[in-house]
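In: give me a 3D structure for the following:
(one chain, ligands or ions: 1)
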Amino acid sequence: MSEPESNPPVRTVASTQSEMTEIILPNDTNTLGNLLGGRLMHFIDLTGAMAAYRHSRTHVVTAAMDHIDFIRPVHLGDLLTLKSSVNRAFSTSMEVGVKVWAENTRTGTVAHVASAYLVFVASDEHGRLTRVPELKPETPDEIRRYHDALRRRQHREAEQARRKQEKLAASALEESKA
Ligand SMILES: CC(C)(COP(=O)(O)OP(=O)(O)OC[C@H]1O[C@@H](n2cnc3c(N)ncnc32)[C@H](O)[C@@H]1OP(=O)(O)O)[C@@H](O)C(=O)NCCC(=O)NCCS
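Out: The predicted structure is shown next:
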């Protein structure tokens, strides 16, 4: 018998894979007729959250969006396709990767336009952080992303600690001037 959907001990990357397609309309673009960066980040956040929901099966909030590359512009009328999956689950957080392609509807040309990594944190309906199931990578690509996700987490933590130190040093300097 298969595991109950509500609380499995382990999930596969495939079970988290999510996809969204949007047509780029005038309201999504800047004065050059290109997709706005903020709008693209919104689509990335939504598609990333879908994978996180599928992994955690609970509420999730976006804790971080990092390493976003805008590779080329997306034009009015293009079809934007975003694909996401969980790269690694930690205790209450999950790193999700999102890749984005744009299709020119007249020529059919498809180009990779952006990639991003996001961290989502799972919580219950009262906002209490919740443990998430383990993620089991299966394919060589999934295993590579799983290991890379730990390195990025360590990098994020080091960066957070560095910023905290900088803030402390700045307020100590302010206090010494007062
Ligand atoms: C994200 C949030 C829940 C973390 O809360 P917190 O009390 O700082 O939690 P903790 O320090 O105990 O960390 C909990 C988990 O979040 C991760 N986390 C916290 N801040 C993070 C950050 N800036 N980047 C990446 N991961 C982060 C921790 O690594 C930890 O993961 P783990 O349990 O898997 O080890 C909290 O900062 C928050 O609610 N932020 C606002 C979220 C939001 O409104 N998002 C936009 C709308 S959805």
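
In: in this structure, which helix is the longest?
Out: Ranked by residue count under DSSP state H, the longest helix found in the chain is helix 140-177.

In: what pairs with the helix or strand of the chain with the lowest mean pLDDT, parallel or antiparallel?
Out: The weakest-scoring helix or strand in the chain, judged by mean pLDDT, DSSP states H and E, is strand 59-70 (a mean of 90). Using DSSP bridges, strand 59-70 pairs in its sheet with strand 110-123 (antiparallel).

In: list the buried residues of the longest helix of the chain.
Out: Neighbour-count burial for helix 140-177 flags 142, 145-146, 149, 152-153, 156 (criterion: 16 or more other CB atoms under 10 Å). Heads up, the C-betas are built off the backbone N, CA and C, glycines and all.

In: can you list the residues of this structure near the ligand?
Out: Counting by CB under 6 Å from any ligand atom, the chain comes close to the ligand at 61-64, 90-93, 119, 121, 129, 156.

In: hmm, which of these are the buried ones?
Out: 62, 64, 90, 92-93, 119, 121, 156.

In: which of these sits closest to K177?
Out: R156 (32.0 Å; CB to CB).

In: wait, what's in contact with that closest one?
Out: 64, 66, 119 (CB atoms under 8 Å, 6 or more residues apart in numbering).

In: okay, and the beta partners of the spatially most central residue of the chain?
Out: Central residue of the chain (CA atoms, centre = their mean): L118, 2.8 Å from the mean position. Beta-bridge pairing for L118 (DSSP bridges): M65, V96.

In: my read is that it contacts M50, right?
Out: No. With contacts defined as CB atoms under 8 Å, L118 does not count as touching M50, sitting 11.3 Å away.

In: buried ones in stretch 77-93, by neighbour count?
Out: 78, 80-90, 92-93.

In: let me know the secondary structure of R72.
Out: Here R72 is recorded as coil under DSSP: H, G, I helix; E, B strand; the rest coil.
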